[in-house]
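1. attaching a predicted model along with its sequence, questions to come.
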Amino acid sequence: MSVRTGMADQQKTADTRFAALGRPRHIWAVGAIHAQPDRLEAMHHAIARRFRPGDRLVYLGNLIGHGERTIETIDQLLAFRRALLAVPGMLATDIVYLRGAQEEMWQKLLQLHFAPDPRQVLDWMMKQGVGPTLAAYGGTPESGMAAARGGAVMLGRWTRALRQRMQTHPGHDTLFNALRRAAHTGAPPTTTATADGDGGVLMVSAGLDPARPLADQGDAFWWGSGGFAKLLAPYGPFTRVVRGFDPLHRGVSAGPVGLTLDGGCGFGGPLVCAGLEANGAVIELFQV
């Protein structure tokens with residue numbers, strides 16, 4: 001059995017909420033995209049010139065939301081995935097998509113008929129930027145509100161229709177179902193938060209709670225951005241924690257442990273990518 005095959009088998013038995021990256025040659029980490037396919041295409045061209053077998057590609061969540069071109073963005077992600085997997089030596093597990101706040105809201109919107117107060121939930125989601133994604137798959141907030149007023153059965157029909165329209169776009173449903181909560185090198189995802197880092201890197205969408213074990217973070221990965229600034233010492237075995245989105249829009253920044261790769265894409269700023277060593281050391285930082 002080859003080392004690569006063994007690693008793939010090991011990943012199959014791991015907690016599927018997390019992507020185990022092993023010890024890659026390099027990691028290419030892409031910040032929040034927010035449905036900007038032109039910037040994403042340009043970024044893919046830049047990554048393609050650098051990417052080699054043994055590397056990993058990690059998208060740090062918020063692939064969609066705010067921007068108007070959801071369909072084109074997902075299609076671009078899928079097209080680049082196909083191109084990379086055509087390279088000899090590449091594995092499907094070498095490409096990872098993390099769940100961000102926008103993807104979490106979209107998945108919850110498709111389950112809106114289970115919400116205790118669906119109109120309030122939908123109104124809140126619209127204020128958080130889910131509207132363009134809803135429109136891309138043929139929905140409107142007005143039709144959602146009307147369905148919610150009609151009760152759980154009518155709302156269930158509305159969400160089912162949204163899912164069916166999404167499924168008419170090949171690969172979209174599959175990509176959303178493949179989203180991971182976090183990605184990491186080396187250490188197992190059950191590691192508790194201690195200060196004995198051994199050089200691993202942890203990749204999240206927006207943040208985490210430094211006081212909680214990785215397996216107990218829950219939705220802190222996409223909503224718990226406040227704890228990210230408190231990362232002044234290694235988080236368990238991770239001496240570098242990388243995120244793709246800062247809700248406060250403070251731009252690209254690096255602290256003693258944390259690295260933020262949010263250039264403001266979707267809000268008038270560029271899309272950012274970092275090339276990292278397996279221990280989280282930055283070898284290159286570029287934007288489009």
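-> Received, thanks.
2. partner strands of the host helix or strand of residue 56 and their direction?
-> Taking DSSP states H and E as the criterion, residue 56 maps to strand 56-59. Strands that pair with strand 56-59, judged by DSSP bridges, come out as strand 27-30 (parallel), strand 95-97 (parallel).
3. same list (those) but as CSV, adding mean pLDDT and distance to residue 153.
-> C-beta coordinates here come from the backbone N, C-alpha and C atoms, glycine included. Shown next, in CSV, are those (pLDDT from 0 to 100; distance: least, CB to CB, whole Å):
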stretch, mean pLDDT, distance to residue 153
strand 27-30, 98, 41
strand 95-97, 98, 33
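4. among those strands, which is the most enclosed?
-> Among those, strand 27-30 has the highest mean neighbour count (mean count of other CB atoms under 10 Å), at a mean of 24.
5. is residue 119 in a helix, a strand, or coil?
-> Under the three-state scheme (DSSP: H, G, I helix; E, B strand; the rest coil), residue 119 adopts helix.
6. any idea how far residue 154 is from the residue nearest to it when sequence neighbours are not counted?
-> In space, and not counting its chain neighbours, residue 119 is closest to residue 148: 4.6 Å by CB to CB, 6 or more residues apart in numbering. Look at residue 148 and residue 154: by CB to CB, to the nearest Å, they are 8 Å apart.
7. do the same with residue 218
-> For residue 218 relative to residue 154 (CB to CB), the value is 31 Å.
8. who are the neighbours in contact with residue 242?
-> Shown in contact with residue 242 (CB atoms under 8 Å, 6 or more residues apart in numbering): 29, 60, 201-204, 258-261, 274, 276, 280.
9. show me where the chain has helices.
-> Secondary structure of the chain (DSSP state H): helices at 3-13, 37-50, 70-85, 101-109, 118-127, 131-136, 141-149, 152-167, 172-177, 220-223.
10. the strand holding residue 56: which residues count as buried?
-> Neighbour counts over strand 56-59 (16 or more other CB atoms under 10 Å) mark 56, 57, 58, 59 as buried.
11. one more: stretch 90-106?
-> The neighbour-count check on stretch 90-106 (16+ other CB under 10 Å) flags 90, 93-106 as buried.
12. now for those residues: which two are most distant?
-> Spatially, the most separated pair among the buried residues of stretch 90-106 is 90 and 105, at 31.3 Å (CB to CB).
13. between residue 148 and residue 154, which is the more surrounded one?
-> More neighbours surround residue 148 than the other of residue 148 and residue 154, with 22 against 13 (other CB atoms under 10 Å).
14. pretty sure the more buried one is touching residue 120, no?
-> No: Residue 148 is not in contact with residue 120 according to CB atoms under 8 Å; the separation is 9.3 Å.
15. now the buried residues of strand 56-59 in JSON lines, with pLDDT and distance to residue 239?
-> Shown next, in JSON lines, are these (pLDDT from 0 to 100; distance: CB to CB, whole Å):
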{"residue": "56", "pLDDT": "97", "distance to residue 239": "18"}
{"residue": "57", "pLDDT": "98", "distance to residue 239": "22"}
{"residue": "58", "pLDDT": "98", "distance to residue 239": "17"}
{"residue": "59", "pLDDT": "98", "distance to residue 239": "22"}
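16. quick one: residue 269 and residue 263 touch, right?
-> Yes: Residue 269 sits in contact with residue 263 when judged by CB under 8 Å, with a separation of 4.5 Å.
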